[in-house]
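Trainee: could you work out the structure for the sequence below:
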Amino acid sequence: MSTDITKRYLFHNVYGDATELINTKPDDIILVPFGWSPDIENTRNFLLQELNITGISCLPSLIFWCPARTITVFNQTGPSVVNIPEKWEEVAIGYLPQPWTWQQINAQQALISQQ
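Mentor: Prediction:
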């Protein structure tokens with residue numbers, strides 16, 4: 001599997017806690033099962049290597065490409081400009097209040113993209 005920055009990757013437990021998200025996923029979502037068979041582990045670990053991510057924080061989680069951006073940070077000495085390089089980011093869906101919805105996930109992704 002080669003990664004595509006126009007796609008978002010939904011890492012989910014094979015035991016069904018994200019069934020509603022899977023059933024209602026947008027077209028740009030690639031499903032990545034997280035389970036304990038050798039095939040599933042190998043596929044997941046290979047994708048994580050391609051994404052250059054050491055791990056995800058919880059299940060389910062959404063990994064998405066975030067372009068380079070510049071933000072202004074305010075501290076005691078005044079505003080400073082910070083350049084953030086392009087990279088894969090995570091929406092830790094498992095930490096969001098349930099029931100999980102794509103509207104909620106997309107809003108969280110937008111917030112992360114602005115940080």
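
Trainee: contact partners of the least confident helix or strand in the chain by mean pLDDT?
Mentor: Ranked by mean pLDDT, DSSP states H and E, the weakest helix or strand in the chain is strand 69-75, scoring a mean of 89. Applying C-beta atoms under 8 Å, 6 or more residues apart in numbering, the set of residues contacting strand 69-75 from outside is 79-84, 113-115. All C-beta spots, glycine's among them, are computed from the backbone N, C-alpha and C.

Trainee: same for the top helix by length along the chain, what does it pack against?
Mentor: Using DSSP state H, we find that the single longest helix of the chain is helix 38-51. Under the contact criterion of 3 or more C-beta pairs under 8 Å, 6 or more residues apart in numbering; DSSP states H and E, helix 38-51 touches strand 8-13, strand 29-34.

Trainee: ranking those strands by burial, who's on top?
Mentor: Among those, strand 8-13 has the highest mean neighbour count (mean count of other C-beta atoms under 10 Å), at a mean of 22.

Trainee: residues contacting the residue of the chain positioned farthest from its centre?
Mentor: Using C-alpha atoms, centre = their mean, the residue of the chain lying farthest from its centre is T77. It sits 33.7 Å away. Contacts for T77 (C-beta under 8 Å, 6+ apart) come out as none.
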